[in-house]
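A.B. asks: Could you look at this predicted model? Sequence included:
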Amino acid sequence: MEKVILKNLGKPDSHKLENYVASGGYKAIQSALKMRPDNIVQMVKDSGLRGRGGAGFSTGLKWSFIPKDPTIQKYLCCNADEGEPGTYKDRGIMDNDPHILLEGMMITSYAIGASVGYIYIRGEFVFGAKRLEAAIDEAYAKGYLGKNIFGSNFSLDIYIHRGYGAYICGEETALLESIEGLRAQPRKKPPFPALAGLYGKPTVINNVETLACIPAIIEKGPEWFSKMGPEKSPGPKIFCVSGHVKKPGLYELPMGTTVRDLIYNHCGGMLTDKPLKAVIPGGVSAPLLTARELDTALDFDSLAAKGSMLGSGAVVVMDESACMVKSAYIINRFFSHESCGKCTPCRDGTPWLTRVLKRIEHGEGRPGDIELLESLCTNIFGRTFCPLGDGAVMALRGHLKNFREEFQFHIDHKRCMAS
Amino acid sequence: MVTVKINGKEITVEDNTLILDAARHAGYEIPTFCYQADLVGIGSCRMCLVEIEGQKKLQPSCVTPVLHGMSINTETSTVMSARASMLEFLLANHALDCPVCDKGGECELQDMVYKYGPHKGRHAEPKFKFQEKDYALSPVIIKNSNRCVQCMKCVRVCREVVGANVLGALGRGDHQEETSFFRHFLDCDQDGNCIEVCPVGCFMRLPYRYKTRPWDLKGADTVCQWCGTGCRMVIEERDGILIRSKAQMGVGLNSETLCARGRFGNDFMTRAERLKTPLVRRFGKLEPASWQEALAVIKENVPSDGERIGGIASPRLTNEELYLFQKLFRTIFGSANIDSSSRWGSDAVEAFAKAASMDAGGVSVFDCMETDTVLIIGSHVSDENPVTDYIIGQGRRAPRIDHTLP
């Protein structure tokens, strides 16, 4: 497949403006500036692009909720707080091809009428932030950003806001709070950001990968985009493969590629001759798939039908040597550490899960622990303020559903079944 | 107006009424820690989750307004089990040191666990402890974070009502701790409103510490006498000794707030320095005397000529006291020389009364907040009438008021 988002990855000095322009960059924004903003929104709607941050909401629909009144200040926020364990796709884009993100943001801002864009980048991504800063400077120098970009009467400023190291900052309303200089905790919805977002103004928040898809949709048309992959979740998708495979890394493939295809045809198969045990298909909050489910297509709806989710597209592959109790423990420890503290079930529930899982993992499990975990999951799920607590529960439930006997073995025999 | 069904009972309420308020109106109590009528709702404690027919998830009733035709259930088994599970989560990391906690007996967490369960705990793991020992945040505020239920009311009342904004949260997740800037002494007026709103024994009064149990106290409703704001409060005594004064949510113009004087300043009643008898100067030294002796001294020294005596009345006296004061001077001493330390001349008072339409019955401080501009003359309101200042401040922070001249 011809790459769309990662087309410049691996080329020398791919981060520089002149090379981006040489590869055909900054053409889409110039044609976009000649269109009517609502036509662009319609094009993105027609393309069927769904948000790549995890929730999979229709991008064009999200944009269309922004009020049309030109007197109201509007904002675009790029969510570059890539924090889901196993995910490194946005980093790949920002480190190597920052201009594709800037171009995507320019088109989006023009479409929704935003005159200011923020890139909220994860604090640890120092290199990426520097690359973006340099790219923004280049764009200003060329007149691609600032007043009257490309000689049009559209003006846009883009700022980088570096995060402070919390997973919750990737939750869109917590991200807004953080940009405003407040404690990063999710806001109650409604009002949704499209009506009252950053500083109370209409705001669109899009993921890096989502925005990086926009230039190609303008250039090649929504039809080209919507024909790639399944009808209801089309387009190219970056998969971040890690774990027990021969060639882990970033793979840009059409949506709907099967897990088997990804692992055995693209990633060179399993690392050793140990057979595959489980695959986490979309970041650690996505319930895992077992070896029997390798023909599942990696797209929003196919994974949802299997009770899992595409999430951020982080594919974690585990072979028979992996202990599922340990995996559940590590994942849950992450969520309880990252719980923001706002709501009771997540703040006090996830650490409780971690404590029980830690005991089981360390050979101190007690009879009834599995039932306790399940009951706590019931008490957390669907009752938290934001999806963080739900994510913790979904991951644990996935482990318990498919590998219950391993947990039981740990409790009964005080040791691991896998190693 | 919208009509909704709560537990099958039809009720009509104003638009945008919160489910929680509508339910209370219909006679159904919904428990909550983080909800307080005069604070911006945060929907975080999850105690108030209710079932709305047609919605998959339970919804927080303290931030969800009613919609026409909604059918809400607040007492189903799912709702009850959600409440019990929230309490179980809160207790998982709660210190549970009720026997030595000042809040014991009037603790909202105790009351709710008693009412909604669970009466048996399943958490058998080591708890996270913020500190081994309580620490002082000021000469009058002491803190035990191990008991916190993270309702954020302390932070919110400080920011939204008092306007001091000296509290915030440190840490994240179950390590989140509402406190001062890195637990340093608070740089504020020590009004202790954070204590008043704390549902548990996390923010506590230092002077009240280990003195009594709330059920041993006898209270009386009264009006604070420290300034002209006229805050309603309850003073409580044990064995004839005043132990504390507190505000009541929704009562008086001060509602849950008091200032430092109102909350901590009433201990003068039992202080040794308090004047209990008249003093008479004998040979250059003030000595205690009986009223009879004192009155005799006055009688002896009052000149018969009313021109040679004058009286200065405190502007803090009540109307009744001022009336008696002038009567004493006019009819007994035959003197018209009466003055007050009030800095205003009579013309100014007259003009002010007119401007504030006091001659037409006056306006309340809340009416003043409805206007665009508030002009404060001749008062350092934040020092002299702190609770009035909170009310003005709330108006100032509301977006509709543009200018306030403090």
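C.D. replies: Nice, I can see it.
A.B. asks: okay, CA-based contacts and neighbour counts for the rest of this
C.D. replies: Noted.
A.B. asks: which parts of stretch B:63-72 are buried?
C.D. replies: By neighbour count on 16 or more other CA atoms under 10 Å in any protein chain shown, the buried set for stretch B:63-72 is B:Val63, B:Thr64, B:Pro65, B:Val66, B:Leu67, B:Met70, B:Ser71, B:Ile72.
A.B. asks: count of residues packed around the closest residue to chain B within the stretch 301-419 of chain A?
C.D. replies: Ranking the residues of the stretch 301-419 of chain A by distance to chain B (CA to the nearest CA) places A:Gly341 first, at 3.6 Å. Using other CA atoms under 10 Å in any protein chain shown, A:Gly341 has 23 neighbouring residues.
A.B. asks: Also B:Asn93?
C.D. replies: Count around B:Asn93 with other CA under 10 Å applied: 23.
A.B. asks: Thought B:Lys127 was touching it, still the case?
C.D. replies: Yes. If you go by CA atoms under 8 Å, B:Asn93 and B:Lys127 touch, sitting 5.5 Å apart.
A.B. asks: Could you pull up the contacting residues of the closest residue to A:Phe403 other than its chain neighbours?
C.D. replies: Closest residue to A:Phe403 apart from its sequence neighbours, by CA to CA, 6 or more residues apart in numbering or on different chains: A:Met324 at 6.9 Å. Contacts for A:Met324 were tallied using CA atoms under 8 Å, 6 or more residues apart in numbering or on different chains; they are A:His399, A:Phe403, A:Glu406, A:Phe407.
A.B. asks: which residues does the residue of the stretch 1-150 of chain A found nearest chain B contact?
C.D. replies: Minimum separation of the stretch 1-150 of chain A from chain B (CA to the nearest CA) falls at A:Gly83, amounting to 16.1 Å. Applying CA under 8 Å, 6+ apart to A:Gly83 gives the contacts A:Arg122, A:Ala166, A:Tyr167, A:Gly170.
A.B. asks: thinking again about what came up before, can you confirm the residue of the stretch 301-419 of chain A closest to chain B is in a helix?
C.D. replies: No. With DSSP: H, G, I helix; E, B strand; the rest coil as the criterion, A:Gly341 is coil rather than part of a helix.
A.B. asks: what's the spacing between the closest residue to B:Trp291 other than its chain neighbours and B:Gln292?
C.D. replies: Spatial nearest neighbour of B:Trp291, excluding adjacent residues (CA to CA, 6+ apart): B:Pro278 at 6.4 Å. B:Pro278 is 10 Å from B:Gln292, where distance means CA to CA, to the nearest Å.
A.B. asks: More neighbours: these two, which one.
C.D. replies: Neighbour count, other CA under 10 Å: between B:Pro278 and B:Gln292, B:Pro278 has more, with 15 against 10.
A.B. asks: which residues touch that one?
C.D. replies: B:Pro278 makes contact with B:Pro288, B:Ala289, B:Ser290, B:Trp291, B:Ala294 under the criterion CA under 8 Å, 6+ apart.
A.B. asks: mind checking pLDDT for B:Pro399?
C.D. replies: pLDDT recorded at B:Pro399 is 48.
A.B. asks: how many other residues sit next to the residue in the stretch 151-300 of chain A that chain B sits nearest to?
C.D. replies: Chain B sits closest to A:Lys188 of the stretch 151-300 of chain A, with a gap of 7.1 Å, by CA to the nearest CA. Applying other CA under 10 Å, we find 17 residues neighbouring A:Lys188.
A.B. asks: Just to check, it is in contact with B:Ser44?
C.D. replies: No. The criterion here is CA under 8 Å, and A:Lys188 misses it with B:Ser44 at 9.3 Å.
A.B. asks: Quick check: neighbours shared by those two?
C.D. replies: Joint contacts of A:Lys188 and B:Ser44 (CA under 8 Å, 6+ apart) are A:Phe385.
A.B. asks: and chain A, which residues reach chain B?
C.D. replies: Contact residues, chain A versus chain B (CA under 8 Å from any CA of the partner chain): A:187-188, A:336-345, A:347-349, A:351-352, A:355-356, A:379, A:382-385.
A.B. asks: before we move on, the earlier item: could you export the contacts of A:Met324 as TSV, including pLDDT, distance to B:Asn193 and secondary structure?
C.D. replies: Conversion of the contacts of A:Met324 to TSV gives the following (pLDDT from 0 to 100; distance: CA to CA, whole Å; DSSP: H, G, I helix; E, B strand; the rest coil):
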residue	pLDDT	distance to B:Asn193	secondary structure
A:His399	97	47	helix
A:Phe403	97	52	helix
A:Glu406	96	52	helix
A:Phe407	97	49	helix
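A.B. asks: From B:Phe329, how far out is the residue nearest to A:Gly341 when sequence neighbours are not counted?
C.D. replies: Nearest non-adjacent residue to A:Gly341, counting by CA to CA, 6+ apart: B:Gly173, 3.6 Å away. Distance, B:Gly173 to B:Phe329, by CA to CA: 68 Å.
A.B. asks: Neighbour count for the two, which is higher?
C.D. replies: More neighbours surround B:Gly173 than the other of B:Gly173 and B:Phe329, with 22 against 18 (other CA under 10 Å).
A.B. asks: shouldn't that one be in contact with A:His337?
C.D. replies: Yes. Counting by CA under 8 Å, B:Gly173 touches A:His337, with 6.6 Å between them.
A.B. asks: in the stretch 251-400 of chain B, which spans are strands?
C.D. replies: Applying DSSP state E, counting those that start in this stretch to the stretch 251-400 of chain B gives strands spanning B:279-282, B:285-288, B:311-313, B:338-340, B:373-375.
A.B. asks: just checking, what packs against the fourth one?
C.D. replies: Judged by 3 or more CA pairs under 8 Å, 6 or more residues apart in numbering or on different chains; DSSP states H and E, strand B:338-340 is in contact with strand B:311-313.
A.B. asks: contacting residues around the residue of the stretch 151-300 of chain B found nearest chain A?
C.D. replies: Here the stretch 151-300 of chain B gets closest to chain A at one residue, B:Gly173, 3.6 Å apart by CA to the nearest CA. Taking CA under 8 Å, 6+ apart, we find B:Gly173 in contact with A:Ser336, A:His337, A:Glu338, A:Ser339, A:Cys340, A:Gly341, A:Lys342, A:Arg347, A:Asp348.
A.B. asks: A:Met106: what's its closest spatial neighbour, skipping adjacent residues?
C.D. replies: In space, A:Met106 is closest to A:Ile29, 6.8 Å off (CA to CA, 6+ apart).
A.B. asks: Fine by me, we can end here.
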